[in-house]
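> Need the 3D shape of this:
(chains A, B and C)
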Amino acid sequence: MADPRFYKKQGPFTLKELVSIGGEPIAGTYDDAVLIDDVASLEHAQAGQLTYCDNKKHIDHLAACQARAVLIAPALADVVPAHVMALIVKRPRRAFALMAQCFYPDSSLPQPMIAATAVIHPTATLGTGCCIDDYAIIGAGVSIGPSCHVGAHVCIGDGVQLGQGCRIEPFVNVQYALIGDFVTIQSGTKIGQAGFGFDMDESGFISIPQVGRVIIEDNVGIGANTTIDRGSGADTVIGAGSRIDNLVQIAHNVVLGKNCVLVAQVGIAGSTCLGNFVIAAGQVGIADHLKIGDGVRIAAQSGLMRDVEAGKTIAGSPAIAVRDWHRQTVMLQRLSNERRKQL
Amino acid sequence: MADPRFYKKQGPFTLKELVSIGGEPIAGTYDDAVLIDDVASLEHAQAGQLTYCDNKKHIDHLAACQARAVLIAPALADVVPAHVMALIVKRPRRAFALMAQCFYPDSSLPQPMIAATAVIHPTATLGTGCCIDDYAIIGAGVSIGPSCHVGAHVCIGDGVQLGQGCRIEPFVNVQYALIGDFVTIQSGTKIGQAGFGFDMDESGFISIPQVGRVIIEDNVGIGANTTIDRGSGADTVIGAGSRIDNLVQIAHNVVLGKNCVLVAQVGIAGSTCLGNFVIAAGQVGIADHLKIGDGVRIAAQSGLMRDVEAGKTIAGSPAIAVRDWHRQTVMLQRLSNERRKQL
Amino acid sequence: MADPRFYKKQGPFTLKELVSIGGEPIAGTYDDAVLIDDVASLEHAQAGQLTYCDNKKHIDHLAACQARAVLIAPALADVVPAHVMALIVKRPRRAFALMAQCFYPDSSLPQPMIAATAVIHPTATLGTGCCIDDYAIIGAGVSIGPSCHVGAHVCIGDGVQLGQGCRIEPFVNVQYALIGDFVTIQSGTKIGQAGFGFDMDESGFISIPQVGRVIIEDNVGIGANTTIDRGSGADTVIGAGSRIDNLVQIAHNVVLGKNCVLVAQVGIAGSTCLGNFVIAAGQVGIADHLKIGDGVRIAAQSGLMRDVEAGKTIAGSPAIAVRDWHRQTVMLQRLSNERRKQL
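Numbering: from 1, shown residues only, chains lettered A, B, ... in the order given. Next comes the predicted model:
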C-alpha cells in the first residue's frame, strides 16, 4: 500500500464500480460485488487488491499472485490461477491506469491560494481557482488560465500564456512561450532560453538574435531538468499529447508532432521535425534539420544523421533499420570469434 | 515577424545603414535607399525583409523566396532570382547576425534595479547599473562589476567575482568561481560544486577535499542546466569566447582553450585539456586526463579515450579518424549484406 | 595553495600528526618532526607540501616534484627522488584524502541558523544545530534530523524525512522521499517527481498514478542537476554509500545496491536493479527491468540491454564482455584496412 505519509488512498470500490470506468468492455466470471481495497503491481499485490498483466514475460508471477483480481489480456486469460478473479480486457494496462486513478486521484488540483511571497506583476491575469506557491514570480502581461498550479520558486517570464489546468513544478523557468491546456512541467525544467545560435570564424563568435517562441500544445507532459530552447525566428513546437522525460534537450526550431515520446536524455538538434507518435528511447541523439516520419521508433542510444521514413524502426549510431543493426551486431561477434580461432 | 508580446523590433533601416554594419565589404547592384522592415530565415522571409543564404543545400528555397534582399555568398550569387536583391558577401551568416542585432538588440541590459527581496551580504560590492532580480542571494565578499544582470533566484556564493556586463539567468548557482566580462549563464546551470573525487575500496568511499576554483574567462556563453565542477586543487577553466550548450557536464580540473564549442549533452571527464577552437558535437563523451589539440572537431556521440592531435576530425566510440569511421560504417553494412546473400 | 577567498586552510601539521590519521601503517625513513604546510597534486605541489602518487603513469612527475613528502605505493617507493621524503603506504590516495581533510575540513557543518525568509510549516520538526538558508521551503510533517544544512531555495515536500548531518544544496527539490544520515545532494537535483509511467495507444496517453517513494540510504552522495524519479508503487532505492555524479537519470523503481558509483550522464531505465559496488562510467545507458550483479564494471557510453552476472566488466552498445569489445574494435580496424588495400 502506498505510504500514507505521502498519499491519501480512496476506496474501497466494488468491481462493478471499477469495471464501469475501465474504458472498454471487460469480460470474465468475476463477482461484481467484491470490494477492492487498493491497486498494485503483479509482484507486489496483496489480498483484496487489483493488479494487471499484459505481457507473457510476467506470467510466472501470476501463479504466486495474491491479488483478488487481475486485469488480463484475452490471450493470457487461461493462465490466471483459480484463486484470482480474471477481468479479461483488451488493454489491461490502460484499464488499470484508469482504475488506479480512482484510488489515487491526481493531487495536482490544489486548493486555490496565492502565497503572500509570490511576486505577481500587476498586469498579469490569473484565472479562477489557481494556486500560486511561495516565491513564484509571474511577469508582466502573463496570462494564466483557471485551475493552474504554479509551484514554489517558479519563474514565468513576461508575456507568457498558460491555458487551464496546467501544473508547473518548482524551479521551472518559462520564457517566450505559449502553453496550452493541461500541460505538466516537472521540477527544474527550463523553457524558452535562447538557442545555440551564432556565427563563428577564427575571430570568435557573434550571436544571432533568437526571436522565436516555444509553443506547447495541450496535454503535454514534460519531465524534470529538461531544456527546450525557443525558436530562432520560427517557433519550437511540442505537439499535443507528447510526453517528454527528464534531462531531454530540445534545440531551437525543433517541431514535435502529436503524441511523441522522448525518453530520458534524448537530444534533438536544431530545426529537426518529428511526425506524430514518434518514439525515441533513452539517450537517442538526432542531428539537425532532419525529417522523422510518423510512427518512427528509435532504439536507445541511436544516433540519427538522416531523414527517416514513416513507420520505420531504427537503431545504432549511425542509425539503420533495426533488422540490419541486429544482423551487424551478430555478424561482428561471429567474425570476431572466427578470427580468434584462426589465430 | 517576431511576436510583439515578447520582442520589440527596431527599424526599419535602409540597406545603406545595414550594409555599413555588416562587418565586411558587400557587393552587388542593390538599391541603397530601400527600407528593410525585418529579418527572417530564407524559408520564412516576407516582403520587405532581409534574409541570408550560405549553403548550396538551401538554394531551392531561393526561387520562391519573398524577401526584399538576401545576403549571399559569392559562389551562390548567380542563383538569386531577379525579384530579390543580392547582397554579395563573404560571410553571409555573420553579416546577417550583425544586421539582425540592429532589429533585435539584446535585451540583456536591463534597467538598473535592486529588488527589495534580494538578499545581498553587506560585504558584497556591486558596480553601477546592475539589475538584481527578486530572491537573488549574493554572498559575503562577492564582487560584481558594472552593468551585470543577476536574475531571479540566482545564488552567488561567498567570494565569487563577476566582471562587467554579465548576465546570470534564474536558478543559476555559482560558487568558488572567478568570472570575467560579458559572460552569459543560462537558467539552471550549476557552477562550482565539489567534483566527483573520492578514494574507494571494499569498505566504501572517502571524499577528497575539492579546494580549487572555476575560472570563466571573458565572453563565454553557457547554456541551461549545465554543470561545471570546481577544480580539486588546480582550477577548472573555461577559455575566453567559448560556447557551451545545455545539459553539458564539465568535471573538475578540465581546461577548455579559447573559443571552444560544446554542443548539448557533451560530457568531459576530470583533468582533460582542450586546445583552442575545439568543437564537440552533441552527446560526445571525453575520458579523463586527455589532451585534445587545437581545432579538433568531434562528431556527435563520439567517445574519446585517447589524446587527439591538433586539427583532426574524429568520430565513433571509441573515436577514430572520421574517414576511417565512415569506411568502417560502410564496410560493416557491405559485409552484412554479403553474408546475408551467402545464406 | 587553495584560494583564501574561498578556503580556510588549517595547519601546519607535523608528519607525525598526519601519519597518525592516515588510516593504515606508513613506512619509510621520513622525519617525524617535519612541518607540512599544505597538500597538492603531484604536478602542483610546492616546497613544504605533501602529495601522493599511486600510479606508474605519473612517475615522470616525481623527478621534478617539489613536494616535501610524498605518499607512495610500495611498488613505486624506489623511484622517489632523494629530495622528497617517501611515506610508503598501501593506499596512498586514501591516506592523502584523510590528511587533506585535516587541512581543509568540510565546511558543511555551518553555524546553526534559521533564515527569516525560510517558509517552514508549523508541523515540520527540525533537529538541533540545523542551518536553514534563505527562501528554503519545508512542508507539512517534514522531519529533519540534527545538524542538517538545507541550502537556499531548497524545497522539501510534505512528509519527507531526513536523517542527521545531511547537506542539501540550493535549488534541490525533494518530494515523497525518506533520506538517511549524512546524505549530500548537490545543487539543482530533483528527487521524487512522478516517473515516466503511462499507457499509450492511438488515442493518446493515460497516466498511471505513481504512488511509490524514493529511499536514500546513509552516506549517499548525489551530484548536481541529477533526477531520481519516485517509485510507481514499489520504491526507488539508492543503497548506502553510493556516489552519483551530475546529470544522472534514475527512473522509477530502480534499486541501487550499496556503494555503487554512477558517473555523469548515466541513465538507468525503470525497475532495473544494480547489486553492490557496481560502477557505471560516464554516459552509460541501462535498459529497464535488468539485473546487474555485484561488482559489475561498465565502460563509458556502454548500452546494456541484458542482465549482467556479478563481477563482469562490459563495454559497447550493445554491451558485451570488455575483452570481446576490444577484439571487435581492433578487428574492425584491421578488416577496414585490408579491404582498403585490396581496392
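
> What are the boundaries of the helices in the stretch 51-200 of chain A?
Along the stretch 51-200 of chain A, the segments classed as helices by DSSP state H, counting those that start in this stretch run A:59-63, A:92-103.

> what about the shortest one and chain C, any contact?
Read that as helix A:59-63. No: Helix A:59-63 is not in contact with chain C by Cβ under 8 Å from any Cβ of the partner chain; minimum separation 12.3 Å. Bear in mind the C-beta positions are built from the backbone N, C-alpha and C, glycine included.

> got the CA positions of that helix in PDB?
Output of helix A:59-63 as PDB, limited to C-alpha atoms (Å, rounded to 0.1, in the frame of the first residue of the first chain):
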ATOM      1  CA  ILE A  59       3.200 -15.000 -16.400                       C
ATOM      2  CA  ASP A  60       5.400 -16.600 -13.800                       C
ATOM      3  CA  HIS A  61       4.300 -14.000 -11.300                       C
ATOM      4  CA  LEU A  62       0.600 -15.000 -11.800                       C
ATOM      5  CA  ALA A  63       0.800 -18.400 -10.100                       C
END
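
> can you list the residues that contact it?
A:42-43, A:53, A:70, A:76, A:79-81, A:84 (Cβ atoms under 8 Å, 6 or more residues apart in numbering or on different chains).

> what does the stretch 1-150 of chain A put close to chain B?
A:119, A:135, A:137, A:141.

> what's the spacing between the nearest residue in space to the last one that is not next to it in sequence and residue A:142?
What sits nearest to residue A:141 in space, not counting adjacent residues and going by Cβ to Cβ, 6 or more residues apart in numbering or on different chains, is residue A:159, at 4.8 Å. Here the distance between residue A:159 and residue A:142 works out to 7 Å (Cβ to Cβ, to the nearest Å).

> what about residue A:198, neighbour count?
18 (other Cβ atoms under 10 Å in any protein chain shown).

> do the one 5 residues further on as well
By other Cβ under 10 Å, 10 other residues sit near residue A:203.

> Can you pull the phi and psi angles for it?
phi -90, psi 0 (degrees, to the nearest 10).

> try the one 3 residues further on
The phi and psi values for residue A:206, taken as degrees, to the nearest 10, are phi -130, psi 130.

> so who does the residue lying closest to it once chain neighbours are set aside touch?
Leaving aside its chain neighbours, residue A:206 sits nearest to residue B:97 (4.6 Å; criterion: Cβ to Cβ, 6+ apart). Going by Cβ under 8 Å, 6+ apart, residue B:97 touches A:198-199, A:206-209.

> Residue A:225 too?
Here residue A:225 is in contact with A:187-189, A:246-247, B:188, B:225, B:247, C:188, C:190, C:225-227, C:247 (criterion: Cβ under 8 Å, 6+ apart).

> Let me know the secondary structure of residue A:22.
coil (DSSP: H, G, I helix; E, B strand; the rest coil).

> Residue C:237 versus the closest residue in space to it that isn't next to it in sequence, what's the distance?
Distances taken as Cβ to Cβ, 6+ apart put residue A:95 closest to residue A:22, at 3.9 Å, once the chain neighbours are dropped. Residue A:95 sits 29 Å away from residue C:237, going by Cβ to Cβ.

> Please identify which of these two sits among more neighbours.
Neighbours were counted for residue A:95 and for residue C:237 using other Cβ under 10 Å; residue A:95 has more, 26 against 21.

> Surely that one touches residue A:53?
No: if you go by Cβ atoms under 8 Å, residue A:95 and residue A:53 don't touch, sitting 11.6 Å apart.

> if we can go back for a sec, for the residue nearest to residue A:206, give me the pLDDT.
For residue B:97, the model assigns a pLDDT of 95.

> if I look at it, how far off is residue A:199?
Taken as Cβ to Cβ, the span from residue B:97 to residue A:199 is 5 Å.

> Let's verify the residue nearest to residue A:16 when sequence neighbours are not counted: helix, strand, or coil?
Nearest residue to residue A:16, sequence neighbours excluded (Cβ to Cβ, 6+ apart): residue A:32, at 4.2 Å. When classified by three-state DSSP, residue A:32 comes out as coil.

> ok, now which ones touch residue A:32?
A:14-16, A:19.

> ok, it to residue B:185 distance?
61 Å.

> Run through the stretch 101-250 of chain A and note the low-pLDDT ranges.
A:107-109 (pLDDT under 70).

> Tell me how far the closest residue to residue A:223 other than its chain neighbours lies from residue C:156.
Distances taken as Cβ to Cβ, 6+ apart place residue A:246 nearest to residue A:223, at 3.9 Å, with adjacent residues excluded. The spacing between residue A:246 and residue C:156, counted by Cβ to Cβ, is 20 Å.

> between the two, which one's more packed in?
More crowded of residue A:246 and residue C:156, by other Cβ under 10 Å: residue A:246, with 31 against 28.

> Pretty sure the more buried one sits against residue A:226.
Yes: between residue A:246 and residue A:226 there is a contact under Cβ under 8 Å: 6.3 Å.

> any residues in contact with both of those two?
residue A:186.

> Give me the contacts around the longest helix belonging to chain A.
Using DSSP state H to define each element, chain A has its longest helix at helix A:322-342. Residues from elsewhere that reach helix A:322-342 (Cβ under 8 Å, 6+ apart): A:299, A:313-316, A:319-320, B:332-333, B:335-336, B:339-340, C:318, C:320, C:324, C:327-328, C:331-332, C:335.

> can you check stretch A:73-93 too?
A:15, A:19, A:22-31, A:34, A:52-54, A:56, A:59, A:62-63, A:65, A:67-72, A:95, C:199, C:201, C:208.

> mind redoing it with 6 Å?
A:24, A:26-28, A:30, A:52, A:54, A:59, A:62-63, A:65, A:67, A:69-72, A:95, C:199 (Cβ atoms under 6 Å, 6 or more residues apart in numbering or on different chains).

> Buried by neighbour count, from the residues you listed: which ones?
A:26, A:28, A:30, A:52, A:54, A:62, A:65, A:67, A:69-72, A:95, C:199 (16 or more other Cβ atoms under 10 Å in any protein chain shown).

> so how far is residue C:236 from the closest residue in space to residue A:104 that isn't next to it in sequence?
In this structure, residue A:104 finds its nearest non-sequential neighbour in residue C:209, 3.9 Å apart by Cβ to Cβ, 6+ apart. Using Cβ to Cβ, residue C:209 is found at 15 Å from residue C:236.

> residue contacts, the residue most central in space within chain A?
In chain A, the centroid-proximal residue (Cα atoms, centre = their mean) is residue A:243; its distance is 3.0 Å. Neighbour list for residue A:243: A:221, A:261, C:205 [criterion: Cβ under 6 Å, 6+ apart].

> out of these, who's near chain B?
When Cβ under 6 Å from any Cβ of the partner chain is applied, no member of the contacts of residue A:243 is adjacent to chain B.

> Out of those residues, which is nearest to residue C:115?
residue A:221 (34.0 Å; Cβ to Cβ).

> ok, that closest one - how many residues close by?
22.

> what do you get for residue A:337?
13.

> where does it sit relative to residue A:327, distance-wise?
16 Å.

> now swap in residue A:301 and tell me
Counting by Cβ to Cβ, the gap from residue A:301 to residue A:327 is 18 Å.

> These two: who's more crowded?
The neighbour count for residue A:301 versus residue A:327, taken as other Cβ under 10 Å, is higher for residue A:301 (30 against 19).

> Do I have it right that that one meets residue A:282?
No: with contact defined as Cβ atoms under 6 Å, residue A:301 does not reach residue A:282; the gap is 7.2 Å.

> joint contacts of those two?
residue C:285.
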